[in-house]
Each structure stands twice: as structure tokens, then as C-alpha cells.
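Participant: The following block contains a protein sequence and its predicted model.
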Amino acid sequence: MVEGYPVFLTDTCTGCNMCVEVCPTAVLKVDPETKVVAYANRDNCIFCGHCGAICPTESISMFGITPESEENAIKTDPPAVRAVKMARTCRKYHPEPLPKEDLMKALSIAKYSASSSNIRPLHFTVLSRSLMDTLSLSIAKEVSKNPRYSKVAALVEKGIDVIFRGAPHMILMSAPADKAAVAMADASIAGRDIQLNAESMGLGMFWCGFLLAAVASSQELHDICGVPEGHKILMAMGIGRPKVKFARPALRRNLEEGVDITFK
């Protein structure tokens, strides 16, 4: 298996810092002496490929895959395939709230999303930034009880929005508690459809696992979110106008027979 860590072409790197800005785990830095990208903490890499996807000078490769090869591939992809390849989690947003019309348009695609037995149990609750600000520290303290995320509350207290990533809105998908097990698949499908629709509108989205974890362990936080009575929150997604634009698909390892795929 080809090693997946980012490989840098320092001759073409301009030190623009874009890869550093989009890295979710602080793996990269611009070296103050050489003025080009370098590792800050290689072991933190989760192989998401965002650095290679955003680099304006095609200076980062991963898994033996070059930016040029990805760009060439999508030129001949059908539109639906291109949309899936180009979809990216966005963690940097302009703070201005979206018009309600844009939010309605982004959500409206969910009427076409697949639903088990077509029961369509999902309800969508859109949170304002003011309510998100009310929730932020409480969510951070709740998830900080997990040793893996013990530093989250301290970051939020410093004003670093690791919970909502600066997004002006959150979309919560919920369903009646007695239908939650079946509705989870519905929420996953609808969430992806909404993301692709939103990106076609020039918007960005991300999946907010911290909120989901917090409301799963705190009924008080669940209730503050304002979903219909008797509902369980199944999915949470931030949405807004992105501050960053990716140039190409993420550089990801190809699926391999015998490793990722088995034929019986």
C-alpha cells in the first residue's frame, strides 16, 4: 500500500498558507526560514487530502496521486460524479446569516431523498448563530468529558470556535424517538443530498459531530436545541458561505480489491 502522507514540492510552493488554514488537525506549517510548507506534527495527519485539494500551485501529492492527475480526471467525469468528488467539508465561513430563501432552497432537495418505506420521518430545525453561541460552551464542556476531546472546552473559552467552525447556521435533522433507528439512514442520505445541493449554490457545509455527541449524553442540551417534542436529533450540519474554495478533489487512496473490496 502506498504511503499516504503529504509529499511537498518545495520548488513550486509559494508559502501561501492555504493548506495550513484548511488542515483540520494542525499537521502543517509554513517554515519561517524556508517560507515553504513543512510538517508541524506529521503524526496528527488523518489523510483527509484537503491540503492537496486546495493548493493553488499543485505542490502537494498524496498516495502517489498528483493534483494534475485528479484535475485531468474530473474534466471528463459526468456532472454527478464531479459533484461527489468536489464535495468538501468546510470549516471556515463568512459570519453573515443566509437569507431564509437560501436555507429553504438548500433543504428543499430532501423531498427527493430516499426514505425507508417512504415514511419520511425527518424534521429540520435551523439554528441561528445567537442560539449556537448560547450552546457552544455547554457543548464543549460536555464533549470535554471524553479524554480524547479534553481540550475542546479550553479552546472555546479562548474564542476558538471548534464546535461550529464559524458557521452562521446549524441544520438539525430529527425524527420521533420510536422511529430513530430507521430514520438514521434517512438522515445520512438526506444530509449528503443537502450538502451537494448547497455546494451547487455556492454554500459550504460540515457535519457537527460534537453537537451530536453532546445532545446524546445531555437531555438538557437536546431540549435547548428546540426540536419537536419527542424527537431525537440524528444529524447536525453547519451551513454558510465558505471562505475557502478547493481547486480539485481531495487526494485519496484508491480502493483496492482484497483490502477494501471483497468479492464472494
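Facilitator: Thanks, I have it.
Participant: what's the neighbour count on Cys19?
Facilitator: Counted with other C-beta atoms under 10 Å, the neighbours of Cys19 add up to 24. (Each C-beta comes from the backbone N, C-alpha and C, glycine too.)
Participant: Begin at 14 from now on, thanks
Facilitator: Sounds good: first residue 14 from here, last item Cys32.
Participant: which residues does it contact?
Facilitator: Counting by C-beta atoms under 8 Å, 6 or more residues apart in numbering, Cys32 makes contact with Leu41, Val50, His63, Cys64, Gly65, Ile67, Cys68, Ile73.
Participant: just checking, it is part of a strand?
Facilitator: No - read with DSSP: H, G, I helix; E, B strand; the rest coil, Cys32 is helix and lies in no strand.
Participant: confidence score at it?
Facilitator: Predicted confidence (pLDDT) at Cys32: the value is 96.
Participant: likewise Gly17?
Facilitator: pLDDT recorded at Gly17 is 87.
Participant: Cross-check the contact I'm expecting between it and Phe60.
Facilitator: Yes - counting by C-beta atoms under 8 Å, Gly17 touches Phe60, with 4.6 Å between them.
Participant: of the contacts of Cys32, closest to Ala203?
Facilitator: His63 (24.3 Å; C-beta to C-beta).
Participant: anything in contact with each of Gly17 and Phe60?
Facilitator: Met75, Arg266.
Participant: Run through the chain and note the low-pLDDT ranges.
Facilitator: Low-confidence segments of the chain, defined by pLDDT under 70: 14-15.
Participant: And the strands in it, which stretches?
Facilitator: Per DSSP state E, the chain carries strands over the ranges 20-21, 41-43, 50-52, 73-74, 136-140, 182-189, 217-220, 244-253.
Participant: Dump those strands to a markdown table, plus mean neighbour count.
Facilitator: Output for the strands of the chain, formatted as a markdown table (neighbours: other C-beta atoms under 10 Å):
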| stretch | mean neighbour count |
| --- | --- |
| strand 20-21 | 16 |
| strand 41-43 | 19 |
| strand 50-52 | 19 |
| strand 73-74 | 22 |
| strand 136-140 | 18 |
| strand 182-189 | 24 |
| strand 217-220 | 23 |
| strand 244-253 | 24 |
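Participant: coming back round to it: among the contacts of Cys32, list the two that are farthest apart in space.
Facilitator: Val50 and His63 (13.0 Å).
Participant: and the longest helix belonging to the chain, how far out from the chain's middle?
Facilitator: Ranked by number of residues, the top helix in the chain under DSSP state H is helix 193-213. Distance of helix 193-213 from its chain centroid, counting by C-alpha atoms, centre = their mean, to the nearest Å, is 13 Å.
Participant: helices or strands next to that helix in the packing?
Facilitator: helix 92-99, helix 113-121, strand 182-189, strand 217-220, strand 244-253 (3 or more C-beta pairs under 8 Å, 6 or more residues apart in numbering; DSSP states H and E).
Participant: Switch those over to a markdown table; also include distance to Met145.
Facilitator: Shown next, in a markdown table, are these (distance: least, C-beta to C-beta, whole Å):
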| stretch | distance to Met145 |
| --- | --- |
| helix 92-99 | 27 |
| helix 113-121 | 14 |
| strand 182-189 | 6 |
| strand 217-220 | 13 |
| strand 244-253 | 9 |
